[in-house]
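after the sequence you'll find the predicted model.
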Amino acid sequence: MDFKFLMILILGFGFMFVFTAFQTMCNIEKTILDSISQEDDTFKGEGYTSLAIIYLFFSLSNWLAPSFISFTGPRVAMVVGALTYTAFMITFMFPSTVLLYVGSAVLGLGASITWTGQGTYLARCSESSTISRNSGVFWALLQCSMFIGNLFVYYQFQDKTRIDKETRNLVIGVLTVIAVLGIVFLAALRFMADNAEHDNELEQKHTGCGQAIYALKSAGQLFLTKKMLLLSLAFFYTGLELSFFSGVFGSAIGFTTKIAETPKEIVGLVGICIGAGEVFGGGLFGILGNKTTRYGRDPIVIAGYVMHMAAFFMTFINLPNSAPFKDTTDISYLDPPRASIALVCAFLLGLGDACFNTQIYSMLGGEYVNNAVGAFALFKFTQSVAAAISFFYSSHFGLYVQLGILVVMGTIGTIAFVFVEWGFKRQHREQEALEK
């Protein structure tokens, strides 16, 4: 087996285990915290606020991530970042409003170096001919995390209207152990040299503090280019839809009491269906990587857009406007709400998300190989700003307003991505013509 592809597999398994813990926790955090507050009147922690803090600190620290990685390299950055995910899991065993929010902030800081390190390492393990395959394989492995954690949660939450302390601690303990296993995989990654086409200015001209300052300056200059500004609109949409399906959608279903006799247990199934869509999309695009490279990324992103619009419409007619906040007997246009439709929407949300993210990874790793650190940092910066904004307004806006925002930004983001992809296609055709 090709050594670089082996590293992609180890990277994928490392992230799969770390995010089995984190994505499952995101999916159930609102439900868990509501149960804690019912037992402890002094606990005022709020799930959406915690997630908003995570993504706020994630977005701000992304500007510093290239500088950090210029010192440590991507492997050390990913291990350090993964430790903050594990620490966040542990805070739920000791319910405290202050500890929850501090843990959220620390995780946000760690997430920036984790994801920027991941994108950089993925780019170093790839070439223009393998970036689409590697992005798809990594994404499929990453999203397998949705199966493991949520299947466990589904069985633990069965027939429960409130999540008791014993169940909470068991779930959190198991998720913490799984996160530690992911750190072991990330620590096993081997050094991969920078594969920039030109000599890396970062290493040649700068050392120490100057190297870190140059990395920050380089990221800022890249952000102001026309193509990156347009791509930022697509990045922004992925942040909005990420926060919706990872934090709001599952909670809205769990709070819709008429959808099932025990709606809380459906939350786990929702996570599994989202994961099924993500894994199917990532695996498909990994297998069809060469065809993606040949025909372009825009058809896949447009397909993802159509799937998301279908999911938003079905969610609109299936779930009540008040569903994101607390248990409700309200209904929307379907009476009673259909659990089967909610699960179909979950699958489409996952598959559509895979369409967007695998092609963004492919574009950044393939077209921005000379500044992969900066490109992936800007992607995660814009995505996390959007997620933070979304989680802040999720506590105030009803479901229908949130769906309206997603429809508008999804349309704008898709158009922007397609426009940039066409620009790269034209650029490649012109280069091929000159070479002939």
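Happy to help now that I have it.

return the residues in contact with S243.
Contact criterion Cβ atoms under 8 Å, 6 or more residues apart in numbering gives 51, 55, 386-387, 390-391, 394 as the residues in contact with S243. Yep, even glycine has a C-beta here, placed from its N, CA and C like the rest.

now do Y333
Y333 sits next to 316-318 when contact means Cβ under 8 Å, 6+ apart.

off-centre distance for whichever strand or helix holds Y55?
When secondary structure is defined by DSSP states H and E, Y55 falls within helix 47-61. Computed by Cα atoms, centre = their mean, to the nearest Å, the chain-centroid distance of helix 47-61 equals 13 Å.

which strands and helices lie in contact with that helix?
With contacts defined as 3 or more Cβ pairs under 8 Å, 6 or more residues apart in numbering; DSSP states H and E, the secondary structure elements packing on helix 47-61 are helix 3-39, helix 97-124, helix 226-243, helix 372-394.

turn those helices into JSON lines, columns for mean pLDDT and distance to T411.
Compiled in JSON lines, the helices and strands packed on helix 47-61 are given as follows (pLDDT from 0 to 100; distance: least, Cβ to Cβ, whole Å):
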{"stretch": "helix 3-39", "mean pLDDT": "86", "distance to T411": "26"}
{"stretch": "helix 97-124", "mean pLDDT": "91", "distance to T411": "26"}
{"stretch": "helix 226-243", "mean pLDDT": "93", "distance to T411": "9"}
{"stretch": "helix 372-394", "mean pLDDT": "85", "distance to T411": "15"}
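
pick the most buried one from the ones you listed.
Using mean count of other Cβ atoms under 10 Å, the stretch among the helices and strands packed on helix 47-61 with the largest mean neighbour count is helix 372-394, at a mean of 25.

ok, and the helix or strand in the chain with the lowest average confidence?
Least confident element among the helices and strands of the chain, by mean pLDDT, DSSP states H and E: helix 201-205 (a mean of 46).

quick revisit: quick check, nearest of the contacts of S243 to V418?
When these are ranked by distance to V418 (Cβ to Cβ), A386 comes first, at 19.0 Å.

gap between the closest residue to the closest one other than its chain neighbours and Q383?
Taking Cβ to Cβ, 6 or more residues apart in numbering, and ignoring the residues beside it in sequence, A386 has G239 as its nearest neighbour in space, at 2.8 Å. The span separating G239 from Q383 equals 4 Å under the rule Cβ to Cβ, to the nearest Å.

ok, now M409?
The gap separating M409 from Q383 is 12 Å, by Cβ to Cβ.

give me the common contacts of the two.
Any residue near both M409 and Q383 by Cβ under 8 Å, 6+ apart counts here, and that gives F236.

ok so, going back, which one of the helices and strands packed on helix 47-61 lies nearest to L348?
Of all those, helix 226-243 sits nearest to L348, with 11.2 Å by Cβ to Cβ.

output the closest one as PDB - backbone C-alpha positions only.
Backbone C-alpha positions of helix 226-243 (Å, rounded to 0.1, in the frame of the first residue of the first chain) are rendered in PDB as follows:
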ATOM      1  CA  LYS A 226     -11.200  37.600  -5.200                       C
ATOM      2  CA  LYS A 227     -11.500  33.800  -5.400                       C
ATOM      3  CA  MET A 228     -11.100  33.300  -1.600                       C
ATOM      4  CA  LEU A 229     -13.600  36.000  -0.800                       C
ATOM      5  CA  LEU A 230     -16.100  34.200  -3.100                       C
ATOM      6  CA  LEU A 231     -15.300  30.800  -1.600                       C
ATOM      7  CA  SER A 232     -15.900  32.300   1.900                       C
ATOM      8  CA  LEU A 233     -19.600  32.500   1.000                       C
ATOM      9  CA  ALA A 234     -19.600  28.800   0.500                       C
ATOM     10  CA  PHE A 235     -17.500  28.300   3.600                       C
ATOM     11  CA  PHE A 236     -20.000  30.400   5.500                       C
ATOM     12  CA  TYR A 237     -22.900  28.300   4.400                       C
ATOM     13  CA  THR A 238     -21.200  25.100   5.500                       C
ATOM     14  CA  GLY A 239     -20.900  26.600   9.000                       C
ATOM     15  CA  LEU A 240     -24.600  27.400   9.100                       C
ATOM     16  CA  GLU A 241     -25.700  24.000   8.000                       C
ATOM     17  CA  LEU A 242     -23.100  22.300  10.200                       C
ATOM     18  CA  SER A 243     -24.600  24.000  13.300                       C
END
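
angle of that helix against helix 372-394?
Inter-element angle recorded for helix 226-243 and helix 372-394: 40 degrees (by axes from the mean of the first three to the mean of the last three Cα atoms, to 10 degrees).

which one is R124 nearest to, not counting chain neighbours?
Sequence neighbours aside, M192 is the residue nearest to R124 in space, at 4.1 Å (criterion: Cβ to Cβ, 6+ apart).

equivalent analysis for L231, please.
Nearest-residue entry for L231: V420, 5.5 Å, with adjacent residues in sequence omitted and distances by Cβ to Cβ, 6+ apart.

which ones are touching T256?
For T256, the contacting residues are 263, 319-320, 323, 328, 337, by Cβ under 8 Å, 6+ apart.

if you look at those, which of them are in helices?
When DSSP state H is applied, those are split such that P263 fall in helices.

can you list the contacts of T256 in JSON lines and add pLDDT and distance to S37?
Listed next are the contacts of T256 as JSON lines, based on pLDDT from 0 to 100; distance: Cβ to Cβ, whole Å:
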{"residue": "P263", "pLDDT": "73", "distance to S37": "18"}
{"residue": "L319", "pLDDT": "91", "distance to S37": "23"}
{"residue": "P320", "pLDDT": "91", "distance to S37": "22"}
{"residue": "A323", "pLDDT": "84", "distance to S37": "19"}
{"residue": "T328", "pLDDT": "80", "distance to S37": "17"}
{"residue": "P337", "pLDDT": "87", "distance to S37": "25"}
